[in-house]
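Student: I would like to see how this sequence folds:
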Amino acid sequence: MDTLLNTAIEAARNAGALLKEGFRSQFSVSSKTRYHDLVTEYDLRAEAIIMEHIRGSFPMHAILTEESGHHETNSDLTWVIDPLDGTVNFAHGIPLFCISIAVISNNEILVGVIYSPMTDELFTAEQGKGAYCNGNPIKVTEITTLAKSFLVTGFPYSVSDNPGYCIEHFSHLVSMGIPVRRLGSAALDLAYVASGRFDGFWEVLLQPWDMAAGSLIVREAGGIVIDYHGKQLNMKSSSSIIAGNSILAQEILIELQKVDHVYQSGEFHE
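Tutor: From the prediction side, this is the model:
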């Protein structure tokens with residue numbers, strides 16, 4: 001598995017060098033499904049660099065990327081790649097973005113790498129071997145009381161449609177007096193939970209490339225990552241997820257389910 005990890009690290013660093021070079025330069029930007037759902041030429045160039053590096057070592061492995069989709073083979077191993085998580089930040093000159101690379105077998109995440117080029121922070125994990133930032137062990141916090149927690153979240157591009165009551169979830173937790181941040185990169189959010197900078201994270205409708213690497217890093221840092229039903233994530237589809245230590249993640253889940261119950265039962269009245 002070391003070869004998988006080393007290849008992921010090298011690919012992430014190569015892409016990171018490109019993104020750092022292109023940051024705050026002149027580049028083309030276009031929208032995908034919605035106005036703020038952006039893709040830049042650097043998303044595409046970083047993806048090409050990562051894929052070329054992976055194929056140089058593992059030409060028969062399957063690859064799933066945010067920009068070009070699924071490159072299927074007969075291999076049991078799939079590389080799950082987000083070449084630039086935090087594209088909106090990158091496009092607006094905000095230095096909060098990263099590269100996320102994972103290797104999965106069926107629904108099992110074997111390797112996870114998240115690289116933040118502007119801070120030169122490399123978050124890594126191998127299944128069963130712990131989680132690290134620049135080679136130093138990291139772990140989730142031991143905060144188990146929601147009222148004492150410091151949380152991070154994100155919103156989907158379809159936030160105006162309010163999928164999964166995401167607006168009400170946010171409002172509810174903020175109204176409890178909990179400080180909440182929104183960084184604009186789910187992969188970094190998960191890496192920061194794993195390293196104890198945030199106590200917990202939740203977000204609706206993440207894709208495999210958003211969460212695969214970060215989920216393994218959180219678990220190897222002693223935390224859990226669950227969906228909004230308290231179940232294990234499905235790495236082959238989108239999931240709404242919660243991350244943190246085992247107690248706090250369940251506390252977040254309870255609060256989100258309270259909101260769901262109110263709105264689904266029709267108990268809410270304006």
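Student: check which helices and strands the helix or strand encompassing residue 8 sits against.
Tutor: Per DSSP states H and E, residue 8 falls inside helix 2-22. Applying 3 or more CB pairs under 8 Å, 6 or more residues apart in numbering; DSSP states H and E, we find helix 2-22 packed against helix 41-57, strand 77-85, strand 98-105, strand 108-116, strand 121-126. For glycine as for every other residue, the C-beta is placed from the backbone atoms N, C-alpha and C.
Student: save those as a markdown table, and put in mean neighbour count and mean pLDDT too.
Tutor: Supplementary listing: the helices and strands packed on helix 2-22 in a markdown table, determined by neighbours: other CB atoms under 10 Å; pLDDT from 0 to 100:
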| stretch | mean neighbour count | mean pLDDT |
| --- | --- | --- |
| helix 41-57 | 19 | 95 |
| strand 77-85 | 27 | 97 |
| strand 98-105 | 28 | 98 |
| strand 108-116 | 25 | 98 |
| strand 121-126 | 24 | 98 |
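Student: show me what contacts residue 191?
Tutor: 98, 114, 116, 121, 123, 133, 214, 217 (CB atoms under 8 Å, 6 or more residues apart in numbering).
Student: re earlier: what's in contact with the helix holding residue 8?
Tutor: 42, 45-47, 49-50, 53-54, 57-58, 77, 79, 83-84, 90, 97, 99, 101-103, 110-118, 122, 124, 126.
Student: surely residue 131 touches residue 221?
Tutor: Yes. Assessed by CB atoms under 8 Å, residue 131 is found in contact with residue 221 at 4.0 Å.
Student: quick one on the thing from earlier: of the helices and strands packed on helix 2-22, which is nearest residue 241?
Tutor: strand 108-116 (13.1 Å; CB to CB).
Student: what helices or strands is the closest one leaning on?
Tutor: helix 2-22, strand 98-105, strand 121-126, helix 186-194, helix 208-220.
Student: pretty sure residue 114 contacts residue 132?
Tutor: No. Look at residue 114 against residue 132 with CB under 8 Å: they stay out of range, at 11.0 Å.
Student: joint contacts of those two?
Tutor: By CB under 8 Å, 6+ apart, the residues touching both residue 114 and residue 132 are 123, 124.
Student: quick check: residue 139 vs residue 24, distance?
Tutor: 34 Å (CB to CB, to the nearest Å).
Student: could you do residue 108 as well?
Tutor: 39 Å.
Student: what of residue 262?
Tutor: 44 Å.
Student: can you give me the neighbour number for residue 75?
Tutor: 14 (other CB atoms under 10 Å).
Student: tell me the contacts of it?
Tutor: Residue 75 touches 58, 60, 61, 62, counting by CB under 8 Å, 6+ apart.
Student: buried subset of these?
Tutor: Buried by 16 or more other CB atoms under 10 Å: 58, 61, 62, out of these.
Student: and the last one, its phi and psi?
Tutor: In terms of degrees, to the nearest 10, the main-chain angles of residue 62 are phi -80, psi 160.
Student: lowest-pLDDT helix or strand in the chain?
Tutor: strand 29-31 (a mean of 70; mean pLDDT, DSSP states H and E).
Student: residue 176: how many residues sit nearby?
Tutor: 12.
Student: pull the contacting residues for it.
Tutor: 146, 147, 255.
Student: from residue 259, how far out is it?
Tutor: Counting by CB to CB, the gap from residue 176 to residue 259 is 11 Å.
Student: before we move on, back to that, for the helix holding residue 8, the distance to its chain's centre please.
Tutor: 17 Å (CA atoms, centre = their mean, to the nearest Å).
Student: and that helix, which residues are buried?
Tutor: Within helix 2-22, judged by 16+ other CB under 10 Å, the buried ones are 4-5, 7-16, 18-19, 22.
Student: hmm, which of those residues is lowest in pLDDT?
Tutor: pLDDT is lowest at residue 22 among these; the value there is 91.
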